[in-house]
Structures are given as C-alpha cells and as structure tokens.
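S.K.: let's see this in three dimensions:
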Amino acid sequence: MVIREHYLEASRRILERCEQLAAISALPDGILRTYLSNEQARANALVASWMEEAGMTTWADPVGNQWGRYEGTSEDAPALIIGSHLDTVPYAGRYDGILGVLAGIELVSELSQAGQRLPFAIEVVGFGDEEGTRFGTTLIGSKALAGGWQAEWLTLQDKQEISLYSALKAYGLDPEQCSQAALDPTRVIGYWEMHIEQGPVLEAEEFPVGVVTGIAGARRAKIRLTGQAGHSGTTPMHLRRDALAGAAEITVAVEQIARRIEGDVVATVGQLFARPGAVNVIAGDAILSLDVRSQSDKVRDLTLEAINDAAEAIVARRQLQISWNHTHSAEAVLCNNQYQSLFGEAIESVSQRKLKPKFLPSGAGHDAMAMAAICPVGMLFLRSPGGISHHPDEGVIPEDVALALAVFSEALRNYAASYSPA
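M.R.: Okay, here's the model as predicted:
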C-alpha cells in the first residue's frame, strides 16, 4: 500500500507538533495539562497559531475551548466540526485527543493550500476539558457546546480547593457567560473525530485504522460493605463478618458475570479500599468501585442487575450490609451510518482495495458522546501499539497517521460532493 508523500509529510508535522505540546506541562517529569491552567492557555495559543497558519480565523469560546474556522463557498455556511481535546491526565501520552485536533488543522491546511472551498465551513475545535482531571467532571468543553452546561459545576473544587467559578475568573472568562458556549444546532452539520484507539483490538487484528460504530454507555458506582472489625488472631473463621473478603468475592462475581453475558459488555472493579487497614485486623468496612459499559444500554443495565443480585446473595451469606452510590450514568451513542460508510469507503479507496474497513465500538468515552446531542457524529480510530494509552509509553505509527489523514481527506471530499443544504 502506497501512501502519498503529502500525507507522510503531514504526519511528520503532526508528530513534531505533538512533541511541542508535550513540552507544555505542569509536571517536570511527565505530561499534565488541566482545564483552565496556565498550561492550557499556552497550548491554546500555540494551537491557535497553527490554525491561523493553516488559513483559519481563531477565537476561544466562553468556556475556553480553542476554535478555528475555514469558510465555505459562502461565509454564512453551516459547519462540519472536526476536533478532540487538548487536556490530559497526569503522566499522559502525547497523542490522546491532541492528534485529532492537529489532524483537523492539517485537513484545513490541505484545502487552503489548494485554494479549495467546500459547500460548508470547517471548524476545528480543541476542547479544554474532556478528561475531567482537575474538577472531576468529564466532557465540560463539549457538553457546554451541546447545551449541557450546568450552573452547579461552578461550585466544583480542585485539589487546591479552587472552585471552577474562581478558575474561570482567573483564566479571564466570565462564569455567568458559560452557557453562551452552546452552539445553534442548525449551524452544525456534523462532528468528526480522529482518535487513537486506546485499546488492543486494531493491533491484534492487524488493522492500521478502524471505523467506530458507537461509543459504549457507562454506569459507575461505589459499593460499600459493612461487617465487623475484629482481631485476626482471636476471631474464628466461622464467626467472621469480613467486609474485604466479601468485596473480593463480589469482584470475582463481576468478572464472571461480564464474561457470561453475550455482547460487548465489560465490567471492572478498579478500586478497593478496606478499613481499618491494619495487617492484624479483620476489615469491618470495604468500598469497591464498579464500572460497567456496553454499546447497548439494555445489555449494560441487565449486567448491572445481575451484579446487584450476586452481590446481595454474597452479603446475605456473609452477614454483611451493602449500600450503593451510583456516581455516573451515560447513554450509549451510535455513530452516524453515513459517516461510517464514508470512512469505510475511503479506507478501501486510499488503500487501493488492499484494506477492508474494520468496524469496532469504542469502550472509552469521547467528546463525540456529548456532540451527538446536537448533530450526527463520526469517529476514526488509529491503532495503539501495545494497546497503551493514558501512559507516557502511548504511541502511534507514523504511517498510520498518514493513512488516517488520507482517509479523512477522501471522506471529506466525497461528503462535500454529495452534500446538499437542508
């Protein structure tokens, strides 16, 4: 498969710019850019300069998202939005989110250099908050665009007890204007996002890119078990009410239930805390996290019910008490069928029919989830070497980046050719 030198050059430029953004960090020994930080301001300014270089007009919206616009054949044309996020988790990789923003800039640069205008505008956005690292609430940037800004977010505090309200003021934004970031859905024709897979599927099946069919809906909870703390040496095994042992049994049940249920459901216990936490004391209290995801909300909820039933049986047998705190719920989002077809056909075309499109769901959340509330969405994945993400060793293959750019470019041209204003 031959990839045009133009896209290989663009790939090299994207990877160089990823390195430049990686240098903008709050950590001396890793990457960290959080919402409304000095690092976000510096990253936005650098990205804005690249947008302007590509031929876009730029601005920041009321919640701090960075924008660039490349006009269509008419200046009042609605826009296809291409983007992702610029914030990171602590000790992040270089490509999660960032790659998708830079890809959008490259696509506009290609159009600008060729003097081409499309029947719609292209807007590229770098969301200020997707990860939720600073204030604990994810997708603030994209939810605000989709009309989902919540005034109660202003009271959220970071680890330094700085409120979101104060952080917005310090950043130079007006907290009372955040709801004005909402877009007019009649001015948006769709949203496209290029993203690393953050998982092992594409690499395992030897696909450089993949077409996302949908984003899994997720539900999360904290489960608390209460038993009786006691001396580890004087309490016989048959008289124990061990909360940690109960939590461990529930953890195994979670894995077994998810494996048993058909479909794409996954369930994870990622945290487990025991109190009092001494080596010679039976745990009287335990808290475990639960994360259940599926592209089918029905399957996800049935899995959660099965876990609940299993947990109730376990605590009854062990004479424990149980309480649930449901902390997060997000519905599954399906990607637009037309966009899936466009990306799939483009993969075959640019590979000269040497590649068949791989269609796969996303188990991770993305900004496209929020944008789906106001417009059709489409996503293209690049393989993640080793399936690694949210880690300094996160990587991409330069030829994959070039191929993904070529696919997006081909899909964009085909979309423009078939586009008819509503």
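
S.K.: quick check: chain neighbours aside, which residue is closest to residue 111?
M.R.: residue 70 (6.5 Å; Cβ to Cβ, 6 or more residues apart in numbering). Where you see a C-beta, it was placed from the backbone N, CA and C, and this is true even at glycine.

S.K.: ok, residue 383 next?
M.R.: Using Cβ to Cβ, 6+ apart and skipping residues adjacent in sequence, the residue nearest residue 383 is residue 202, 3.6 Å away.

S.K.: pretty sure the one you found contacts residue 384?
M.R.: Yes. The pair residue 202 and residue 384 passes the contact test of Cβ atoms under 8 Å, sitting 7.3 Å apart.

S.K.: which of those two has more residues huddled nearby?
M.R.: A count of neighbours by other Cβ atoms under 10 Å puts residue 384 above the other of residue 202 and residue 384, at 25 against 22.

S.K.: how much space between that one and residue 395?
M.R.: 7 Å (Cβ to Cβ, to the nearest Å).

S.K.: any idea how far the residue nearest to residue 383 is from residue 353?
M.R.: Here residue 202 is placed at a distance of 19 Å from residue 353 (Cβ to Cβ).

S.K.: likewise for residue 126?
M.R.: Counting by Cβ to Cβ - residue 126 and residue 353 are separated by 35 Å.

S.K.: same deal with residue 274?
M.R.: 57 Å.

S.K.: then residue 360?
M.R.: Relative to residue 353, and taking Cβ to Cβ, residue 360 is found at 20 Å.

S.K.: hmm, residue 42 is touching residue 23, no?
M.R.: No. Residue 42 is beyond contact range of residue 23, at 9.6 Å (criterion: Cβ under 8 Å).

S.K.: show me which of these two is the more surrounded one.
M.R.: A count of neighbours by other Cβ under 10 Å puts residue 42 above the other of residue 42 and residue 23, at 15 against 10.

S.K.: ok, now which ones touch that one?
M.R.: residue 24 (Cβ atoms under 8 Å, 6 or more residues apart in numbering).

S.K.: just the element for it, please.
M.R.: helix 38-53 (DSSP states H and E).

S.K.: tell me the mean pLDDT for that helix?
M.R.: Per-residue pLDDT values over helix 38-53 give a mean of 98.

S.K.: same thing with stretch 231-250?
M.R.: With pLDDT averaged residue by residue, stretch 231-250 scores 98.

S.K.: specify the beta-bridge partners of residue 85.
M.R.: On the basis of DSSP bridges, residue 85 is bridged to residue 127.

S.K.: that one touches residue 133, doesn't it?
M.R.: No. Counting by Cβ under 8 Å, residue 85 stays clear of residue 133, with 10.7 Å between them.

S.K.: of those two, who's got more company?
M.R.: residue 85 (28 against 19).

S.K.: residue 131 belongs to a strand?
M.R.: No. Counting by DSSP: H, G, I helix; E, B strand; the rest coil, residue 131 is not found in a strand; it is coil.

S.K.: which other helices and strands does the lowest-mean-pLDDT helix or strand in the chain contact?
M.R.: Every helix and strand in the chain was compared by mean pLDDT, DSSP states H and E; the lowest is strand 321-330, with a mean of 92. If contacts are counted by 3 or more Cβ pairs under 8 Å, 6 or more residues apart in numbering; DSSP states H and E, strand 321-330 sits against strand 217-226, helix 297-318.

S.K.: what's the most buried one of those?
M.R.: Per residue and on average, the most neighbours among the helices and strands packed on strand 321-330 fall to strand 217-226, with a mean of 20 (mean count of other Cβ atoms under 10 Å).

S.K.: what pairs with that one, parallel or antiparallel?
M.R.: Sheet pairing of strand 217-226 (DSSP bridges) gives strand 285-294 (antiparallel), strand 321-330 (antiparallel).

S.K.: output it in PDB with nothing but the alpha carbons.
M.R.: Provided in PDB are the C-alpha atoms of strand 217-226 (Å, rounded to 0.1, in the frame of the first residue of the first chain):
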ATOM      1  CA  GLY A 217     -22.700   3.700  27.500                       C
ATOM      2  CA  ALA A 218     -21.300   3.500  31.000                       C
ATOM      3  CA  ARG A 219     -22.600   3.300  34.600                       C
ATOM      4  CA  ARG A 220     -20.400   3.600  37.600                       C
ATOM      5  CA  ALA A 221     -21.000   3.000  41.300                       C
ATOM      6  CA  LYS A 222     -19.300   2.900  44.700                       C
ATOM      7  CA  ILE A 223     -20.300  -0.200  46.600                       C
ATOM      8  CA  ARG A 224     -19.800  -0.100  50.400                       C
ATOM      9  CA  LEU A 225     -19.800  -3.300  52.500                       C
ATOM     10  CA  THR A 226     -20.100  -3.200  56.300                       C
END
